[in-house]
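Enquirer: need a structure here:
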Amino acid sequence: MAQPGEKPLSFVSSIPANGATNVARNIGTITLVFDKNVVDDSVWEDNKTQIDFWADSQRLQKRIDYNVVRSTAVEKRRNIYIKPIGLLKPNTKYTIRIGPNLTSKAGESLGKSVIITFTTGRRRVVPIPVEE
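Expert: Numbering: from 1, shown residues only. Down below sits the predicted model:
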């Protein structure tokens, strides 16, 4: 059996899933799940800087406002949450990059970048009442 620090840190999944389409523009939280504790006080400040989030393919020009947060609940110590500030744009591809230096409490690093993409749905058309 592997001892702490011997097995590499792994990315498990995201919500929305990689490649998801028709994601709600008002998504309040994006969840990144790993196989180890990545939010311990000993690694949290550095790990927050390993998350990047942007729209379309123009990483530097299309950065959006967001917060990277964690839960203090023991059962959620493998999760990192991205909270977009405001609505996302309709029919837009978003990219999340998790940097290779993301580290677990036991000292294992991701070792490679992980890219997750999803696309928001189209803008809903709201009928305008017609005055008679």
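Enquirer: any idea how far whichever strand or helix holds Ser14 is from the middle of the chain?
Expert: Here Ser14, judged by DSSP states H and E, is contained in strand 11-15. Put simply, strand 11-15 sits 9 Å off its chain's centre (CA atoms, centre = their mean, to the nearest Å).
Enquirer: ok, now stretch 73-92?
Expert: 6 Å.
Enquirer: do the same with stretch 14-24
Expert: 11 Å.
Enquirer: now it: average pLDDT?
Expert: The pLDDT scores in stretch 14-24 average 97.
Enquirer: tell me where the model's unsure across the chain.
Expert: Counting by pLDDT under 70, the chain contains low-confidence ranges at 1-6, 58-62, 123-132.
Enquirer: returning to that earlier point: next secondary structure after the strand holding Ser14?
Expert: Immediately after strand 11-15, counting by DSSP H and E, sits strand 20-23.
Enquirer: and that next one, which residues are buried?
Expert: Of the residues in strand 20-23, Val23 count as buried by neighbour count, 16 or more other CB atoms under 10 Å. Yep, even glycine has a C-beta here, placed from its N, CA and C like the rest.
Enquirer: which other residues reach that strand?
Expert: Outside strand 20-23, the residues within contact range by CB atoms under 8 Å, 6 or more residues apart in numbering are Pro16, Leu88, Tyr94, Phe118, Thr119, Thr120, Gly121.
Enquirer: 10 Å - rerun?
Expert: For strand 20-23, the surrounding residues in contact (CB atoms under 10 Å, 6 or more residues apart in numbering) are 14-17, 30, 88, 91-94, 116-122.
Enquirer: any of the residues you listed buried? List them.
Expert: Here, 16+ other CB under 10 Å leaves Ser14, Pro16, Ile30, Leu88, Thr92, Tyr94, Ile116, Thr117, Phe118, Thr119, Thr120 buried among the contacts of strand 20-23.
Enquirer: quick one: which of those residues is nearest Val68?
Expert: Among the buried ones among the contacts of strand 20-23, Ile30 lies closest to Val68 (CB to CB), at 9.8 Å.
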